[in-house]
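*Asks:* with the input below, show me the fold.
(chains A and B)
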2 protein chains.
Amino acid sequence: MSFFNIKIVSAGVAGTGIISYFLGVPSKGASSGNTSNPHPNGANNGVSFPGGSNGMTFNETDINPSEYFKVGGFPGPIFDLSQGKQFISCYDRERKIPKWVIEHITRESLNVKKGDRKKSNFKEDQRIPSTYRSLLKDYFRSGYDRGHMAPAADSKFDQVAMDQTFLLTNMAPQVGEGFNRDYWSHFECFVRDLCVKDFESVRIITGPLFLPKFNEKTRKYEISYEVIGNPPSVSVPTHFYKIVVGEKFSNDNMKNKGENIYVAGFVLPNDKIPNDIPLTYFKTPIEAIERSSGLSFFHQNVSNKKVKDLCDNVSCVLTIRDWSDKMKSLPPPK
Amino acid sequence: MSFFNIKIVSAGVAGTGIISYFLGVPSKGASSGNTSNPHPNGANNGVSFPGGSNGMTFNETDINPSEYFKVGGFPGPIFDLSQGKQFISCYDRERKIPKWVIEHITRESLNVKKGDRKKSNFKEDQRIPSTYRSLLKDYFRSGYDRGHMAPAADSKFDQVAMDQTFLLTNMAPQVGEGFNRDYWSHFECFVRDLCVKDFESVRIITGPLFLPKFNEKTRKYEISYEVIGNPPSVSVPTHFYKIVVGEKFSNDNMKNKGENIYVAGFVLPNDKIPNDIPLTYFKTPIEAIERSSGLSFFHQNVSNKKVKDLCDNVSCVLTIRDWSDKMKSLPPPK
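*Replies:* Sure, this is the predicted structure:
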């Protein structure tokens, strides 16, 4: 709310208080801009509290907390969904990174190579209100890569589709060397290879996690993560999950009869991972990813018969490729 | 998804991997239960991917990430809204505490004293699916109070209304001595006093924040907080915000003409606070609370003319009451 900036910040009251916790090194530009509320209630213009008290007797119907929505609107949280050609992202306004990104790849889509990564540029997503938008400068010199959730290489079939993967609403800060440019990259290749070798169609959900760790000193579990940008805005996940949902088509008409889906969930730490750690080490029950993310990934009515363990049916082993030459020809990773 | 428990956990694969990060000391009971998905898509029973590939040519319309929703449902995040008599809570399934609680108090409602705190008990909220539900045992011996977001004392007009404030969906872990039982409690009294003295009607939004702090060692901003329970489930906020929205009624008919609302936002650390720190020290621009919570609290079209700074119009000073005798007669705070 820009009027609060004008009214309260300029009065200097806030500067004496807790505000330093929020804004780090305050920057003028960061607090201005559009904070439009896309909630349907946003259309309500009036400030009125019907009912009200007559100052004499108490009527229980005078208590109506939901009337606040008429003044302030529904506070949210609002998670900004955007549909691209190859993926859908769900953006978390608090942490300024996606909550999840859902992709679709097929054997045929991976065969078409019309998109060129060199023609794509990292872009801020103007659809996010500026108060909540992650910025290129947040990542600049942060020490972290702008890590794709939906990989650029999954969208080679079309330049527009590939460009869309470079929006910051598809990014989270990732450790570069040893992770984004290495193990995580091999992992992404593994998923594409699955689609080429084993499944005609694969859908993938990718997102960040913030997991607790036991603190030996305090003997307590703590969640601890860096926040990059100035003021600090973009949360650096402790882990990333990927849920891979493959389907095999029936032989007769190349369609899935809805009989079988093959599923595996993986959780990798946002850290250097040696190539010799087997991928199965990171295999994680969907239930655990649901508990810690607060999300739910499967209908209760998707039966056990339909869902098969992907790694029981195909080989969950990474192929380690040497990217060193190829990476040299790419734009700098940050 | 219980079938994942049966299928994957029992296979023992997960035990070797990253699962220890999630579950701390794994407990059998914690991972079972209802994970129903209340999203409208939850009604779709079929597992089908229309379109599909014919194995020969690539058609762009075969790429459809949103078809995943037919298999898995919309992942969320789902924030569970529940409407009580005096407040509405919005529960965060990831952190297992409210995202916000909106209350309404009036001069008349505060005058009626039919509810008795001693008759109320802390209760788990059965409306939350068990995977995401906070439990009494999470708080037990955690060292933290079960801190009311909507205070019990705001609902004295009715026993049912007061009982509702004792649901865990209205709770977050708070430092007891020096905060929940002291400064925070005085702050809650201040808000009620405002309603008695200055405003016929007050609406209050209360919620947790997780704010970054500068780490002198790493020279970086970090968000760090404890997670209580076994397995660790319930996040302990670093701060709490309260946004107070007061209205004065016109003299002629005791109704607000929608001309003026009086607003102030406060952010307090979840820590011991000496009584001599003035409340205005914690006054914080709404914009800063919006940025760090990801929420938006006012319509863009609520004009500057309608919104006045509450502390410019009334005295924002706490009255320190001595609770020591009164607290002794209350049930133990944990």
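*Asks:* does chain B sit close to the helix or strand A:Tyr68 falls within?
*Replies:* A:Tyr68 belongs to helix A:68-72 when assigned by DSSP states H and E. Yes - counting by CB under 8 Å from any CB of the partner chain, chain B has neighbours in helix A:68-72: A:68, A:71-72. In short, each C-beta sits where N, CA and C put it, glycine included.
*Asks:* who wins for neighbours among those?
*Replies:* Within those, A:Gly72 tops the neighbour count with 26 neighbours, counted by other CB atoms under 10 Å in any protein chain shown.
*Asks:* neighbours of A:Asn111, how many?
*Replies:* Neighbours of A:Asn111 (other CB under 10 Å): 12.
*Asks:* what's near enough to touch it?
*Replies:* Applying CB atoms under 8 Å, 6 or more residues apart in numbering or on different chains, we find A:Asn111 in contact with B:Phe58.
*Asks:* now the helices for the stretch 151-300 of chain A?
*Replies:* A:159-165, A:184-197, A:286-293 (DSSP state H, counting those that start in this stretch).
*Asks:* which residues of the stretch 201-334 of chain A score low on pLDDT?
*Replies:* A:250-259, A:301, A:323-334 (pLDDT under 70).
*Asks:* neighbours around the residue of it at minimum distance from chain B, how many?
*Replies:* Relative to chain B, the nearest point of the stretch 201-334 of chain A is A:Gly294 (3.1 Å; CB to the nearest CB). Neighbour count for A:Gly294, taken as other CB under 10 Å: 20.
*Asks:* repeat that for A:Lys305.
*Replies:* When neighbours are counted by other CB under 10 Å, A:Lys305 comes out with 9.
*Asks:* in a strand, it, correct?
*Replies:* No - with DSSP: H, G, I helix; E, B strand; the rest coil as the criterion, A:Lys305 is assigned coil and is not in a strand.
*Asks:* quick one on the thing from earlier: do I have it right that the residue of the stretch 201-334 of chain A closest to chain B meets B:Glu94?
*Replies:* Yes - using CB atoms under 8 Å, A:Gly294 is in contact with B:Glu94, at 3.1 Å.
*Asks:* got any residues that touch both of those two?
*Replies:* Common contacts of A:Gly294 and B:Glu94, defined by CB under 8 Å, 6+ apart, comprise B:Pro77.
*Asks:* my guess is A:Lys119 contacts A:Val160. True?
*Replies:* No - assessed by CB under 8 Å, A:Lys119 is found out of contact with A:Val160, at 10.6 Å.
*Asks:* so which of the two has more stuff around it?
*Replies:* Neighbours per residue (other CB under 10 Å) separate A:Lys119 from A:Val160, with A:Val160 holding more: 13 against 9.
*Asks:* count of residues packed around A:Ser315?
*Replies:* There are 12 residues near A:Ser315, going by other CB under 10 Å.
*Asks:* tell me which element it is part of?
*Replies:* Counting by DSSP H and E, A:Ser315 is found in no helix or strand.
*Asks:* just the pLDDT at A:Tyr72, thanks.
*Replies:* Quick fix: residue A:72 is Gly, not Tyr. Looking at A:Gly72, its pLDDT reads 87.
*Asks:* find the residue closest to A:Asn313 in space, skipping its chain neighbours.
*Replies:* A:Tyr262 (5.6 Å; CB to CB, 6 or more residues apart in numbering or on different chains).
*Asks:* all strands for the stretch 201-334 of chain A, in order.
*Replies:* A:201-209, A:213-215, A:220-228, A:234-235, A:239-247, A:261-269, A:307-309 (DSSP state E, counting those that start in this stretch).
*Asks:* dump those to JSON lines, plus distance to A:Gly115.
*Replies:* Below are the strands of the stretch 201-334 of chain A laid out as JSON lines (distance: least, CB to CB, whole Å):
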{"stretch": "strand A:201-209", "distance to A:Gly115": "18"}
{"stretch": "strand A:213-215", "distance to A:Gly115": "39"}
{"stretch": "strand A:220-228", "distance to A:Gly115": "28"}
{"stretch": "strand A:234-235", "distance to A:Gly115": "26"}
{"stretch": "strand A:239-247", "distance to A:Gly115": "22"}
{"stretch": "strand A:261-269", "distance to A:Gly115": "26"}
{"stretch": "strand A:307-309", "distance to A:Gly115": "32"}
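*Asks:* of the ones you listed, which is nearest B:Phe140?
*Replies:* strand A:220-228 (14.7 Å; CB to CB).
*Asks:* quick one, the closest one and strand A:239-247 angle?
*Replies:* 90 degrees (axes from the mean of the first three to the mean of the last three CA atoms, to 10 degrees).
*Asks:* need the CA coordinates for strand A:220-228. PDB is fine.
*Replies:* Below are the C-alpha coordinates for strand A:220-228, written out as PDB (Å, rounded to 0.1, in the frame of the first residue of the first chain):
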ATOM      1  CA  LYS A 220      16.500 -28.800  18.900                       C
ATOM      2  CA  TYR A 221      15.300 -29.000  15.300                       C
ATOM      3  CA  GLU A 222      15.700 -25.900  13.400                       C
ATOM      4  CA  ILE A 223      14.900 -24.600   9.900                       C
ATOM      5  CA  SER A 224      17.600 -22.300   8.700                       C
ATOM      6  CA  TYR A 225      18.100 -20.700   5.300                       C
ATOM      7  CA  GLU A 226      19.600 -17.800   3.600                       C
ATOM      8  CA  VAL A 227      17.600 -14.900   2.100                       C
ATOM      9  CA  ILE A 228      19.200 -13.100  -0.900                       C
END
